[in-house]
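**Student:** for reference, the sequence and a predicted model appear below.
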Amino acid sequence: MDRCMNRVIAGVAVGGAVGGAIGAMYGTYEAFRYKVPGLLKVRYIGQTTLGSAAVFGLFLGAGSLIHCGKSY
């Protein structure tokens with residue numbers, strides 16, 4: 001149980017890091033592409049970064065849980 005939980009936590013952390021990096025790059029690209037004005041760029045990039053980090057973390061954590069073989 002403890003080993004599996006550690007793997008799930010590590011999966012969430014790695015997924016969050018990868019998702020955050022991808023989200024920051026994509027958010028920056030989109031903010032400049034759509035000409036988001038002024039400080040709204042920072043908010044837009046932040047929202048994209050956090051959203052991508054959450055989604056990647058969720059799916060990598062779920063994949064780690066499934067890979068552990070636990071059914072709960």
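**Tutor:** Yep, it's here.

**Student:** so where does the residue nearest to the spatial centre of the chain fall, helix or strand?
**Tutor:** Taking CA atoms, centre = their mean as the criterion, A53 is the residue nearest the geometric centre of the chain, at 1.5 Å. Using DSSP states H and E, A53 sits in helix 40-68.

**Student:** now the angle between helix 40-68 and the longest helix along the chain, please.
**Tutor:** In the chain, taking DSSP state H as the definition, the longest helix is helix 2-33. Interaxial angle, helix 2-33 versus helix 40-68 (axes from the mean of the first three to the mean of the last three CA atoms, to 10 degrees): 150 degrees.

**Student:** now helix 2-33: buried residues?
**Tutor:** V8, G11, V12, G15, G16, G19, G20, I22, G23, A24, G27, A31 (16 or more other CB atoms under 10 Å). All C-beta spots, glycine's among them, are computed from the backbone N, C-alpha and C.

**Student:** export those residues to CSV and append columns for distance to Q47.
**Tutor:** What follows is these, written out as CSV (distance: CB to CB, whole Å):
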residue, distance to Q47
V8, 26
G11, 23
V12, 20
G15, 18
G16, 15
G19, 13
G20, 12
I22, 14
G23, 9
A24, 11
G27, 7
A31, 10
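
**Student:** wait, which of these is closest to L65?
**Tutor:** Taking CB to CB as the measure, L65 sits nearest to V8 out of these, at 5.1 Å.

**Student:** hang on, the closest one packs against H67?
**Tutor:** No. Between V8 and H67 there is no contact under CB atoms under 8 Å: 9.2 Å.
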